[in-house]
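# pasting the sequence and the predicted model now:
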Amino acid sequence: MTKAFIREIVKAYLELADEAILKDKTSRKQRGLVVERRDDKRSVYTIFGDISFDRTYYFDKSHDKYVYPLDEALGLDKYERLSKTVTVKLVETAGQVSYAKSSMNVTEGELSRQTVKNKIHSLNLEALKTKVPKKRGVEVLHIDADEDHVSLQEGRNTNLPLICIYEGTFKEGSKNRCINPIYMSGYGKDTDEFWLEVTDRIYELYDPEDIKDIYIHGDGANWIRQGINWLPESKLVLDKFHLNKAILESTARQPEKRRDIYRAINTNDLNFFKKISFEMLNDALDEKERRRIKDFRRYITNNWQSITIRNEEDCGSSSPEAHVSHVLSSRLSSRPMAWSRKGLKAMSALRAYICSGGMVTSEQVKKKDQEGENADKRHKFTLNLGDIFGSVASELGCITVLKTGKVTPLYTSLKGICHSGFDF
């Protein structure tokens, strides 16, 4: 069955539904609907392609405004050219691939990359939050914190903070996997605002009375260290990736010193570490190497407690760099590209939401002001779809494709319409 044929069936149904509203004079009189004009055209792009149909324009005397009851019954927003299903698919796909590839995958390239970009920019970011049925009780939580470096269209680079909240790790083959990871992007927020959101999120997800320890893993950056001011149960842990990286870079010309450095750390002997670092300075060949060693010594001594905490407590394994690579870099910075600030904020929030296991819904692809308009419409004007569409749905139910019960794209869409939805 071709898409063109499906479009014709859907168009016929929509116009049949509009006719049912027109003929239901009793209900129209109760609602104060007076016909203003007939056959106003509207076109909506759906998963089957562009569908054009005619509907009737009414004056709503009860609320002193003009309305299209069919549009409201189907949940079609004013001036919206794309169906909600297409919009959701475009946004979901754009979270994984480029705007152009998203259009190609969903619409075979019939929509422009600018259209996809506009949908990303208009996301309701506050609604991009995974929901849990009830608070979980855990004694230990982990937070991995790191940042990506992304190019902006204005020619500069910007830092993009990322946090992952999880309950520990488990082994899957040769890799460690996080238990119930929740990602949060901090772009466009100051440090205190971001940590306040993280704290609120933790107390939304978990019962604070059960939490005994929170380990904040990171590279020791100032914005990461601020977390302990917001989470009283928290302790800083310098992750092994950044620790090993610092040791390898500082001992590039003196690799024989590495064993002693690790021994100092493992035995919690700060004086021994300082002795080794002074020896490294004396053996340095030039000022550049001496500067590198001094920076290394300062980095280790400033983070000594968060390094040696592993000798005393089971801090678990961490992988902040891997989170950044998986959630942010794979879409935002691994290929040559530059972002607008608005696009970067929306895409980083979308990536964090998707990687936390979230599914994009129609409520999230609406602008906040659009949500308010729709809520106002529902409050002022409602349609009894069961009454209005009753006869139409019964006629539609006689179509063979709905009688066979075989689930096809046409079956799913027509079944949805029968239950008063525009799910295509």
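Thanks, I have the structure now.
# what segments of the stretch 101-250 of the chain are strands?
Across the stretch 101-250 of the chain, reading from the start of the chain, the strands by DSSP state E, counting those that start in this stretch fall at 140-151, 157-166, 169-172, 175-178, 182-185, 213-218, 234-238.
# which residues are in contact with the last one?
Residues external to strand 234-238 that are found in contact with it (Cβ atoms under 8 Å, 6 or more residues apart in numbering): 143, 213-220, 224-225, 227-228, 303, 305-307, 309-310, 313, 315, 318. From N, CA and C alone the C-beta is placed, and that goes for glycine too.
# same deal with the third one?
Contacts to strand 169-172, defined as Cβ under 8 Å, 6+ apart, come from residues 176, 177, 178, 179, 316, 317.
# so how many other residues sit close to the first one?
Each residue near residue 176 was counted by other Cβ atoms under 10 Å, and the total is 15.
# same question for the second one.
The tally of other residues near residue 177 (other Cβ under 10 Å) stands at 12.
# point out where the stretch 201-350 of the chain drops to low pLDDT.
Residues of the stretch 201-350 of the chain that meet the criterion pLDDT under 70 are absent altogether.
# quick one: the helices in it?
Ranges of helices within the stretch 201-350 of the chain are 222-225, 227-230, 240-250, 258-266, 270-283, 287-302, 304-312, 320-324, 330-332, 341-355, based on DSSP state H, counting those that start in this stretch.
# can you list the buried residues in the longest one?
The reference is to helix 287-302. 289, 292, 293, 296, 297, 299, 300 (16 or more other Cβ atoms under 10 Å).
# closest to residue 10 among those?
Nearest to residue 10, judged by Cβ to Cβ, of the buried residues of helix 287-302 is residue 299 at 63.4 Å.
# quick one: residues contacting the closest one.
With contact taken as Cβ under 8 Å, 6+ apart, residue 299 is in contact with 220, 246.
# and the strands of the stretch 101-250 of the chain, which is most packed in?
Among those, ranked by average contacts under mean count of other Cβ atoms under 10 Å, first place goes to strand 182-185 (a mean of 25).
# and that one, what does it pack against?
strand 157-166, helix 191-205, helix 341-355 (3 or more Cβ pairs under 8 Å, 6 or more residues apart in numbering; DSSP states H and E).
# now render these as CSV, adding distance to residue 138.
Conversion of these to CSV gives the following (distance: least, Cβ to Cβ, whole Å):
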stretch, distance to residue 138
strand 157-166, 10
helix 191-205, 9
helix 341-355, 20
